[in-house]
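# what follows is a predicted structure for the sequence shown.
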Amino acid sequence: MLEDITWLSSDEMNGRHFLSLEAKKAAKFIADEWKASGFVPLPSFDSMYIPIGIPNAAPNVAAMWEGKEKSYVIVMAHYDHLKPKREGEDRIFNGADDNASGTAALIAIAKAIHTLKPHLTSSIVLLATSAEEAGLVGATHFANEECLPMHRIKAVINLDMISRGDPNTIFLEGSPDAPSISVALQNANKEVGLTIVRDKHPDWMYRGDQRPFWQAGIPSVFLSVEDHEDYHMVTDEVDRIIPELAAKTAEITLHAAIELAGPRVP
């Protein structure tokens, strides 16, 4: 994960603004990694790239590990960040925590699922959204256009900023509205041992990409760290993240998603 965060948040990637060539390069990287892990495009799509309704914008990227039935568990994270500053010695908003960390988690989860090869009832869908920083545009478009039938989505877990703060603490929002997800995360955490702080920031449910799903009545949660001094600053660089925290958060998300997509079938 650290290697992927390092590349995604490098100066070469120029901030991954959703209208940039670098964001499209990030989208290709994500899709290629998922394809290599055995994931396939969503039903009714020939590609993992899903346009967001804005000309020249980097697309959402979505893929799935197929289950037996036409129901879905979504694990999502936005991969875009901010355009460079007009001037200054350091102009690039690298976005290592926000949200190269969550993006790297999606790639790590895909690789782990490929290794585990779970046989599941529901499909696990990985969704890397574009234009979150422009107002949750990619996620809202995905939900409004029903790129998946909304009534068939069982759960949504959003990962956004998972690598700063206390080395062993992650914050969970939305758990009262999504008890099945909360229980699955709790079960997964028995082996990992993260400190999960629940429902301290209920306003976060309105500011993350889970919002359009949650507002449509789909059980949804948001895993994140609290805002820090480098939030939306050019200093959000890879040398300040805690890769172990990102990895532990990815691990509990992986096992929770598999539990939610179960029961396993032969």
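Arrived safely. Numbering: from 1, shown residues only.
# which parts of the stretch 1-150 of the chain are helices?
2-8, 21-36, 101-116, 137-144 (DSSP state H, counting those that start in this stretch).
# out of the ones you listed, nearest to residue 193?
Nearest to residue 193, of all the helices of the stretch 1-150 of the chain, is helix 101-116, at 17.7 Å by Cβ to Cβ. Heads up, the C-betas are built off the backbone N, CA and C, glycines and all.
# give me the pLDDT value at residue 264.
On pLDDT, residue 264 comes in at 52.
# meant to ask about residue 203, not that
On the pLDDT scale, residue 203 is placed at 96.
# from residue 173, how far off is it?
Distance from residue 203 to residue 173, counting by Cβ to Cβ, to the nearest Å: 9 Å.
# looking only at neighbour counts, state which of those two leads.
Under the neighbour definition other Cβ atoms under 10 Å, residue 203 and residue 173 were set side by side, and residue 173 has more, 27 against 7.
# ok, that one - contacts?
198-202, 204-205, 208, 221-222, 224 (Cβ atoms under 8 Å, 6 or more residues apart in numbering).
# distance of it from residue 126?
21 Å.
# then residue 24?
For residue 24, the distance to residue 126 - Cβ to Cβ - is 18 Å.
# next, count neighbours for residue 118.
18.
# same question for the one 4 residues further on.
The criterion is other Cβ under 10 Å. On that basis, residue 122 has 25 neighbouring residues.
# wait, it sits on residue 74?
No. With contact defined as Cβ atoms under 8 Å, residue 122 does not reach residue 74; the gap is 10.1 Å.
# list only buried entries from the contacts of residue 173.
199, 204-205, 208, 221-222, 224 (16 or more other Cβ atoms under 10 Å).
# as CSV, those residues with distance to residue 263 would be great.
CSV is the format used below for those (distance: Cβ to Cβ, whole Å):
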residue, distance to residue 263
199, 28
204, 31
205, 29
208, 29
221, 21
222, 26
224, 29
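# which ones among those map onto strands?
Within the buried ones among the contacts of residue 173, residues falling in strands by DSSP state E are 221-222, 224.
# reformat the residues you listed as JSON lines; add pLDDT and distance to residue 105.
Formatted as JSON lines, these follow (pLDDT from 0 to 100; distance: Cβ to Cβ, whole Å):
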{"residue": "221", "pLDDT": "98", "distance to residue 105": "14"}
{"residue": "222", "pLDDT": "98", "distance to residue 105": "13"}
{"residue": "224", "pLDDT": "98", "distance to residue 105": "12"}
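# which of the residues you listed sits closest to residue 155?
residue 221 (8.1 Å).
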